[in-house]
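Peer 1: quick one, what's the 3D model for this:
(2 chains)
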Amino acid sequence: MKQVLHIFRKDTRYLWPEILVSLIALYMFVHWSPARWSIDRTYQRWQSMLQLMPLLVFATWVLLAARLVQAENPDGDRQWWVTHPYEWKSLFAAKSLFSLVWIYLPFIVAQAAVLREAGLSPFGYASRWAAMLAVLSGSIILPLLVTAATTSNFLRMVLIACGAVVVYIAATNLANMPRHGYDAVVPNDHHMWVIVLLIVGIASALVLQYATRRTWAARGVAIGTALLAACLTALFTATRDSEIERLYAVSSTAPVQVAMPVKTSTTYIPPVRVGPSERPGMVYVQVPVDFSGVRGGAAVQVDDVKIAIDDPKTGWHWTAPWWMTERLQILPGTHRGLVQIMLTKNQLNHIFSSSATMQMTLAVTELQAGTDATVTVAAMQNYAVPGFGVCSVRTMDRFNQLICRSAMGQPPLTHVSATWYPKECSADPWTPNAPLTAGTWAGSLHAASTRDSMFIVQPVLFNLNPDWHDGNDMFRTVGYDLCPDTVVHFTQYNVTGRARVSLTLPSTYFQMNVRNDGWKEQ
Amino acid sequence: MNPDSIIQTEGLSMSFGLPGLRRTEVLHGIDMAVPEGAIYALVGANGAGKTTLIKTLMNILQPSGGNAQVLGSDSRVLAAERFCEIGYVSENQELPDAMTVGAMLDYTRAFYPQWDRALERDLVRQFDLPLDRKLKHLSRGMRMKAAFASSMAYRPKLMVLDEPLAGLDPLVRDELIEGILERAQETTVFISSHDMAEIESFASHVGFMEDGWLVFSEEMGTLTGRFREITITQSGPALLPANMPREWLLVEASDSVIRLVHSAYTGDATERDLRQHFPTARNFDAQPMSLRAIFLAMAKSRRQHRRAQGTQKEVGA
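Peer 2: Alright, predicted model coming up:
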């Protein structure tokens, strides 16, 4: 222990400039963090700076890790320390202690400070703290340390780190190629297994390097771990379709019915919109669908969509992989929603120019209303919403808006509803003067997703507006306001089951309703 | 294993590269023993394998065959406990450059329970070390002296010095050699160098390495005693015998004079043996050789031998 502290003190004494730089970067991260959620307009100017902060903090850690490890570099045969009475365990422990004290601890303190600043308690999110620290260790700190310990100098370390990032991006794109770049969502997020593998494998490589100084063996273990993690990620991606089909069973008692909208004299059918996608050679198609049959107290969320196109005349058939949809949540009653899919221009031409039919299958999660919380609005105050986060009222263009944030990831899926009153909380001749109750969805069923948890405070994005139809194909929100003393309800929904529901759409449906959003037939 | 040996190796070999793929053998079955109290000089040209041998002994590199014992421990498991008794200084060692000389001594002191503060002060004074200067701002000579001081202040049982004198000015060399000799009574010194003149002045034992082979390893007195530069003056033209003994190196004949290096000279017995080979010789002259001359004779002789072997192979082919 004496040797551990001796080495630790030496490192702290000689690496104080690097420590200082990393602490300044963290301080800036804390200082500008309120820009993510604050109602203070002055913070809005810092949004762009805030985007750079994680990168800046990461860069200071790269420097700190390199200088820390390479002060007594286990790689190479000219190092001063290797012929002195260092115990490798003490050296390893000293470097670990330094990482804990000067990387992890300031990071945890900074994140706790951000939570406090946001009005959230730093305590009480044990599993999310653990997930965040696991992601930090497995994907940032340990890879940095092992790269530093298996390279002879800082420049090589940076080159290898850059190479690893390029390989990671290439491998991810390669694994996603069969899905045309679109991902699917599965309820069981296996990402944490990859993180656990990275932590165990890379920590083993680090220990091996310190214990034996066999650099190629340690590099082998580290590279092997990274490859295994990449293969696992690719495997999870490749098996998502079968995983979705296993989890979302075809049921005779579907939790929701889906149907093509039927135009009547009083109802309006939005068109099927077709437009250019950001993916080369692909177009997006937004298909309006009517949902009904959700039982009282329940709700349904559409998670993924799969389409199959059949042309009986030509025998042409095409089945897409499962794709993630824009989250659609359906409450009891009849609701119209837009399901967005991606097609190549060739596939779309088949739909328009032939007698093809499209079968659309939706993977839906059945939900049941759970705990309910209410807050009463008063201007410019923070409200703690139990199990959800903290919300504030922001005045934009003379209208009040509700903005919320949650700790380490999105809150659980919640339906937020409120009663809206005419503009400035008084009767106005230009707008309807009757109160209007409206709601929206916030949060996520995959709230603890490890990928979301790196930012300690997540702004909860939702649009709580009393949309009303003015009879001219326009949704309007103007004229309604969240007034003081308005009660806002936050109802959490819990998963009760999963199912698949299907709908067959003939080509005539597309041919009659299409609205071109800039897509040109080639 | 000889219990009196501080360092002993048996068939120690070392190769770089993956097995079967352009593997380069840099140490070939080294058998060597360094007795306690010796000043053992390992000599050889650049690239002979001296540094690799030392790094293998110090567990910086792992041998690929054979074994080495250092202070009674297998070199492959040489660790902190043994390094408390070993002082290692190398010409190409990476020192903690960010530290001042004083800070390096302070930092190093904590690793050695037997550190002698009085000796440390003596060494700092003797080497005229600036305690408040950073190592990275010191000249090469000063850096070596600082490394020496930090490796001597705990009175190690074994000093391992890899080319410590290379590239230093004469004054610094003298200071360092003086420092080594002052502590030679209480420590065994294993020093590698290609500077024969300096080594000869203080080494008690010498080992000669070439192309990864340890050509010889013996006491300095025995070595200089058995090597002689022989000049034989014949009464007629100089004729060389058909089968020359292996102990004769660099044999040259011109007019009536034959010159050779005898590597197993034993005085009168050698002279009698030479008379049998050269019955018409008028005069024999045997001159002692410096270590440098012995080293050059060995190196040239082995080069000639290799050339001859190469020619034979070509002829055979």
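
Peer 1: how's the chain carved up into domains?
Peer 2: Picking chain A for this. A:1-120, A:124-238, A:257-369+A:498-516, A:378-485 (automatic domain parsing).

Peer 1: that's the other chain; I wanted chain B
Peer 2: Looking at automatic domain parsing, the domains of chain B come to B:5-219, B:224-316.

Peer 1: quick check: residues of the stretch 1-150 of chain A near chain B?
Peer 2: Contact residues, the stretch 1-150 of chain A versus chain B (C-beta under 8 Å from any C-beta of the partner chain): A:2-3, A:6, A:10, A:14, A:71, A:76-80, A:82-88. All C-beta atoms are positioned from the backbone trio N, CA, C, and that covers glycine.

Peer 1: any idea which of the domains of chain B is most buried?
Peer 2: Most buried of those, by mean neighbour count (mean count of other C-beta atoms under 10 Å in any protein chain shown): domain B:5-219, with a mean of 18.

Peer 1: before we move on, the earlier item: reformat the domains of chain A as TSV; add mean pLDDT, distance to residue B:66 and mean neighbour count.
Peer 2: Converted to TSV, those look like this (pLDDT from 0 to 100; distance: least, C-beta to C-beta, whole Å; neighbours: other C-beta atoms under 10 Å in any protein chain shown):
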stretch	mean pLDDT	distance to residue B:66	mean neighbour count
domain A:1-120	87	19	18
domain A:124-238	85	19	17
domain A:257-369+A:498-516	82	60	17
domain A:378-485	67	51	17
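
Peer 1: what would those domains look like in TSV with distance to residue B:294?
Peer 2: Output for these, formatted as TSV (distance: least, C-beta to C-beta, whole Å):
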stretch	distance to residue B:294
domain A:1-120	31
domain A:124-238	38
domain A:257-369+A:498-516	77
domain A:378-485	69
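
Peer 1: mind checking these for the one nearest to residue B:184?
Peer 2: For the domains of chain A, the distance to residue B:184 is smallest for domain A:1-120, at 20.2 Å, taking C-beta to C-beta.

Peer 1: chain center to that closest one, what's the gap?
Peer 2: 25 Å (C-alpha atoms, centre = their mean, to the nearest Å).

Peer 1: before we move on, the earlier item: to residue B:129, which of the domains of chain A lies closest?
Peer 2: Of all these, domain A:1-120 comes closest under C-beta to C-beta, at 16.6 Å.

Peer 1: so residue B:273 lies in a helix, does it not?
Peer 2: Yes - assignment of residue B:273 by DSSP: H, G, I helix; E, B strand; the rest coil places it within a helix.

Peer 1: spit out the contact partners of it.
Peer 2: Residue B:273 sits next to residue B:245 when contact means C-beta atoms under 8 Å, 6 or more residues apart in numbering or on different chains.

Peer 1: show the pLDDT at it.
Peer 2: Looking at residue B:273, its pLDDT reads 87.

Peer 1: residues contacting the closest residue to residue A:93 other than its chain neighbours?
Peer 2: Leaving out its chain neighbours, the residue that sits closest to residue A:93 by C-beta to C-beta, 6 or more residues apart in numbering or on different chains is residue A:4, at 4.6 Å. Shown in contact with residue A:4 (C-beta under 8 Å, 6+ apart): A:90, A:93-94, A:97.

Peer 1: can you tell me the helix or strand for residue A:4?
Peer 2: helix A:2-14 (DSSP states H and E).

Peer 1: please save the CA atoms from that helix in PDB.
Peer 2: Output of helix A:2-14 as PDB, limited to C-alpha atoms (Å, rounded to 0.1, in the frame of the first residue of the first chain):
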ATOM      1  CA  LYS A   2       2.900   2.300   0.800                       C
ATOM      2  CA  GLN A   3       4.300   1.800  -2.700                       C
ATOM      3  CA  VAL A   4       0.800   2.400  -4.200                       C
ATOM      4  CA  LEU A   5       0.500   5.700  -2.500                       C
ATOM      5  CA  HIS A   6       4.100   6.700  -3.300                       C
ATOM      6  CA  ILE A   7       3.500   6.200  -7.000                       C
ATOM      7  CA  PHE A   8       0.100   7.800  -6.800                       C
ATOM      8  CA  ARG A   9       1.500  10.900  -5.100                       C
ATOM      9  CA  LYS A  10       4.300  11.100  -7.700                       C
ATOM     10  CA  ASP A  11       1.800  10.900 -10.600                       C
ATOM     11  CA  THR A  12      -0.500  13.500  -9.100                       C
ATOM     12  CA  ARG A  13       2.500  15.800  -8.500                       C
ATOM     13  CA  TYR A  14       3.800  15.500 -12.100                       C
END
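
Peer 1: sweet, I'm off.
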